[in-house]
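>>> would you be able to build a 3D model of this:
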Amino acid sequence: MRCVIARFPFDLTKSGVLESMKGIRPEPVTGESVIIGRRHYPAKQIGQVITRQDPRDFTGAEVLRAMARLGFTCRTLPEPAPARVESPLQRASALLGAPLSV
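Next up is the predicted model:
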């Protein structure tokens, strides 16, 4: 399958990616990741290995798009949950604590 990563075309296959990543230890995942085999690899690490380019030359989204088209499971960062906003009355009640039972 033909993919464009960092403005360069690449002919990628699922078996080719599996072969390229064989024996490579995954770096700690802090953002977008792809599951290859039983391992979670950062998207930038996969892009660096399969394109032999500096990770600053491409985005993780480009790699995720290519890996998803090849059939790999891709994970993005979950959206942070919205912070719960307390009313002044709820905040004061929490500061005072729960009533004591006698």
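>>> list the residues that contact the closest residue to residue 55 other than its chain neighbours.
Spatial nearest neighbour of residue 55, chain neighbours left out: residue 44 (4.3 Å); criterion: C-beta to C-beta, 6 or more residues apart in numbering. For glycine as for every other residue, the C-beta is placed from the backbone atoms N, C-alpha and C. Taking C-beta atoms under 8 Å, 6 or more residues apart in numbering, we find residue 44 in contact with 31, 55, 58, 60, 63.
>>> phi, psi of the last one?
Which is residue 63. phi -70, psi -40 (degrees, to the nearest 10).
>>> same check, this time on the second one
With angles defined as degrees, to the nearest 10, residue 55 shows backbone torsions of phi -60, psi -20.
>>> so who does it touch?
Taking C-beta under 8 Å, 6+ apart, one finds 44-45, 47-48 in contact with residue 55.
>>> and those, which two are furthest apart?
Farthest-apart pair in the contacts of residue 55 is 45 and 47; separation 7.3 Å (C-beta to C-beta).
>>> ok, residues contacting the helix or strand of the chain with the lowest mean pLDDT?
Within the chain, no helix or strand scores below helix 88-96, which has a mean of 83 by mean pLDDT, DSSP states H and E. Contacts with helix 88-96, where a contact means C-beta under 8 Å, 6+ apart, come from residue 86.
>>> related to what we said a few turns ago, can you confirm the residue nearest to residue 55 is in a helix?
Yes. Using DSSP: H, G, I helix; E, B strand; the rest coil, the assignment for residue 44 is a helix.
>>> sweet, I'm off.
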